[in-house]
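Asker: Sequence and predicted structure below; questions after.
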Amino acid sequence: MSEQSRPRRPVRTGALAAALTAALALLCCTGGAGAFFLTELGGDSAEQFAPASMDCTGDFEVDATGTMPRFAEYGERQLRNAAVIIKVGQEMKVPPRGWVIAVATAMQESRLLNLANSTVGESQDIPNEGIGADHDSVGLFQQRASWGTVAQRMNPEYASRKFYEKLVDVADWEKLPLTVAAQQVQISAFPDAYAKHEELAARIVDALAGGAARTALIAGQDVCDAAAGGEIAASGWTAPIPGGVGSGFRTASRPGHNGVDIAAPKGTLIRASATGRVLVSRCDPDRRGRLTCNVDGWPGKGGCGWFVDVLHAQGFITRYCHLVSRPRVAAGDTVQAGEVIGEVGSSGNSSGPHLHFEVHVEGDRSSRGAIDPVPFMRSKGAPLKGAG
């Protein structure tokens, strides 16, 4: 709900981040000679996290009356409401990032249902899809009386338009973390709650609008699969560096390689792939237990060198290894998508400058949680260059 402006508040991922900070110690972050530390590979294919539509053609027109895609979390009625939210955003020429923010906000506020309050529900004067419990708040976004009449706020098109009107007035809203942008509009008592919906909201936008969450806004144009050089996709993700993938994920020659190696010159800036909380930022010991990250490593040395783990919404974790020096962030810091966290180096088990990049699921920092970053990042509209 919204009444007045308040100061911006930082993103926090809550109890999950605190628990993970003290969770499993890193087994090993790189393949090659260091892979013998890994005893169980496990992990799932990132293809399961791909959007319902992997095509991103630039044709994002939504049919709110047509056949709805299937999502276990939401039914047809809720998805039609999401389609209305997206269609209004299109009509207002709001970029797809705004659609993701709006859908995620409605997911938190109303579960994508057009809710009435008890007064409206008892009178049955206005059709509704359930009764909310928040004072005079009604509709998809649980907007209060200052946003319009009850009939207006219970109209999904009107409610969506009012949300977008306030969103686009927020300075640099496209670059803000979703939870911050949504809070600037809604002024919720629970501002951090929006973040947990970003992942599914992006998948819903992709399914309803032809992969639109995979676009990045570049020179005023929504460009598909372009978040590879620091740009942020509508999904909220960006590639960590604009290099090409060399050694891949768990290849026949390196079955314990739980990520991919991205070639780049020493000193290349490394960016957080999505908004999140830093879980680990330190020097990883080599095979002999030594903390020798301030010098270039070599094959067989073991360890990630200087490395960072970041926890994102929905339990995703990204890992960045072989930094040239101490990372720019510390455990407990909140980082935004695209924020510089360090520079490419060759510390640890490394034969030359590159970034070893991993993606883990379900908050599992061990090898069991690792998935192939290539299809995962492609599904976010932030493909790793050189990757098929």
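Answerer: Received it, and whenever you're ready, just let me know what you need.
Asker: Helices along the stretch 51-200 of the chain, start to end?
Answerer: 76-91, 96-110, 118-123, 150-153, 156-167, 178-186, 198-208 (DSSP state H, counting those that start in this stretch).
Asker: Go through the fourth one and list whatever outside residues touch any part of it.
Answerer: This points to helix 150-153. Residues from elsewhere that reach helix 150-153, judged by Cβ atoms under 8 Å, 6 or more residues apart in numbering: A116, V120, I126, V138, G139, Q143, W147, Y158, A159, K162. C-beta coordinates here come from the backbone N, C-alpha and C atoms, glycine included.
Asker: just to revisit the earlier point, could you dump the helices of the stretch 51-200 of the chain into a markdown table with mean pLDDT added?
Answerer: Listed next are these as a markdown table, based on pLDDT from 0 to 100:
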| stretch | mean pLDDT |
| --- | --- |
| helix 76-91 | 97 |
| helix 96-110 | 97 |
| helix 118-123 | 56 |
| helix 150-153 | 91 |
| helix 156-167 | 98 |
| helix 178-186 | 94 |
| helix 198-208 | 95 |
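Asker: Now render these as TSV, adding mean neighbour count.
Answerer: Below are these laid out as TSV (neighbours: other Cβ atoms under 10 Å):
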stretch	mean neighbour count
helix 76-91	22
helix 96-110	27
helix 118-123	14
helix 150-153	18
helix 156-167	21
helix 178-186	25
helix 198-208	26
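Asker: Tabulate the ones you listed (CSV), appending distance to V308.
Answerer: Output for the helices of the stretch 51-200 of the chain, formatted as CSV (distance: least, Cβ to Cβ, whole Å):
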stretch, distance to V308
helix 76-91, 34
helix 96-110, 25
helix 118-123, 49
helix 150-153, 44
helix 156-167, 31
helix 178-186, 21
helix 198-208, 21
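Asker: So which of those is nearest T268?
Answerer: Of all those, the one in closest proximity to T268, counting by Cβ to Cβ, is helix 96-110 (25.8 Å).
Asker: how about the helices of the stretch 51-200 of the chain, which one is nearest G332?
Answerer: Closest to G332 of the helices of the stretch 51-200 of the chain, according to Cβ to Cβ: helix 178-186, at 17.3 Å.
Asker: What ranges does the stretch 201-350 of the chain have for its strands?
Answerer: Secondary structure of the stretch 201-350 of the chain, counting by DSSP state E, counting those that start in this stretch: strands at 215-218, 221-224, 260-263, 269-271, 276-283, 306-311, 317-323, 334-335, 340-343.
Asker: Quick one: distance of the next helix or strand after the last one to the chain centre.
Answerer: Where DSSP states H and E defines the elements, the next helix or strand beyond strand 340-343 is strand 354-360. Taking Cα atoms, centre = their mean, to the nearest Å, the mean C-alpha location of strand 354-360 is offset from the chain mean by 16 Å.
Asker: Likewise for stretch 234-244?
Answerer: Its chain's C-alpha centre and that of stretch 234-244 lie 11 Å apart, by Cα atoms, centre = their mean.
Asker: Just the CA atoms of it, as PDB, please.
Answerer: C-alpha atoms of stretch 234-244 as PDB (Å, rounded to 0.1, in the frame of the first residue of the first chain):
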ATOM      1  CA  ALA A 234      14.700  -6.900 -17.200                       C
ATOM      2  CA  SER A 235      15.100 -10.100 -15.200                       C
ATOM      3  CA  GLY A 236      17.500  -8.200 -12.900                       C
ATOM      4  CA  TRP A 237      20.600 -10.100 -14.100                       C
ATOM      5  CA  THR A 238      23.800  -9.200 -15.900                       C
ATOM      6  CA  ALA A 239      26.900 -11.100 -17.000                       C
ATOM      7  CA  PRO A 240      29.800 -10.800 -14.500                       C
ATOM      8  CA  ILE A 241      32.300  -9.800 -17.200                       C
ATOM      9  CA  PRO A 242      32.100  -9.400 -21.000                       C
ATOM     10  CA  GLY A 243      34.500 -12.200 -21.800                       C
ATOM     11  CA  GLY A 244      34.200 -15.500 -23.700                       C
END
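Asker: mind giving me the domain ranges of this protein?
Answerer: If you go by automatic domain parsing, the domain ranges for the chain are 15-49+235-379, 76-209.
Asker: nearest to V223, of those?
Answerer: Proximity to V223 (Cβ to Cβ) singles out domain 76-209 among the domains of the chain, at 10.7 Å.
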